[in-house]
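Student: Return atomic coordinates for the entry below.
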Amino acid sequence: MTIQTLSSTPDSTLAPFVQSFWMLENTSDKDIEATVLPDGMVDFFIFRTGTGPYEFALKGVETAPSPVIIVPETKMFAIGFKPLAVEYIFHTQITDILDQAQPIHDPYWRSEEHTSEL
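Tutor: Modelled structure (predicted):
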């Protein structure tokens, strides 16, 4: 099992809105089972598997632990937002994404010009 992780806290200018920045990568050739624990944050994800396109999603506050499978060659970057910041920045009600992910299909985020730089 090979999982690489990094995390960082924001500076004081972002601290009112952001709890943390983090990255996770499965560099192995095997699925890795894990459990996501509730942390009270809403995560904005940028992720891809292998050489596939980057995808974007907003994951709501978790209310219970949930099992996940991290497939081989997954790269995932996230910003852990404080709940009220999500309503302000993304214009999304927290209750609309509780315990679920909302894909982001905005053409700006899906642009090859932008995703190739990540």
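Student: need the contact list for the residue sitting nearest the centre point of the chain.
Tutor: Nearest to the geometric centre of the chain sits residue 45, at 2.5 Å (CA atoms, centre = their mean). Remark: with contacts taken as CB atoms under 8 Å, 6 or more residues apart in numbering, residue 45 is in contact with 55-59, 76-78, 101. Quick note: C-beta positions are derived from backbone N, CA and C, even for glycine.
Student: rerun that using 6 Å as the cut-off
Tutor: Counting by CB atoms under 6 Å, 6 or more residues apart in numbering, residue 45 touches 57, 78.
Student: How about residue 92?
Tutor: residue 86.
Student: Excluding chain neighbours, give the residue nearest to residue 29 in space.
Tutor: Here the nearest residue to residue 29 in space, its sequence neighbours aside, is residue 72; by CB to CB, 6 or more residues apart in numbering that works out to 4.9 Å.
Student: repeat for residue 37
Tutor: Excluding the flanking residues, the one nearest residue 37 by CB to CB, 6+ apart is residue 65, at 5.4 Å.
Student: Tell me how many other residues crowd the one you found.
Tutor: Other residues near residue 65 come to 9 when the count uses other CB atoms under 10 Å.
Student: what about the helices in the chain?
Tutor: Applying DSSP state H to the chain gives helices spanning 83-90, 107-110, 112-115.
Student: buried ones in the longest one?
Tutor: Buried residues in helix 83-90, counted by 16 or more other CB atoms under 10 Å: 85-86, 90.
Student: neighbours around residue 44, how many?
Tutor: For residue 44, the neighbour count with other CB under 10 Å is 19.
Student: The closest residue to it other than its chain neighbours bridge partners, please.
Tutor: Leaving out its chain neighbours, the residue that sits closest to residue 44 by CB to CB, 6+ apart is residue 79, at 4.7 Å. Under DSSP bridges, the beta-bridge partners of residue 79 are residue 21, residue 44.
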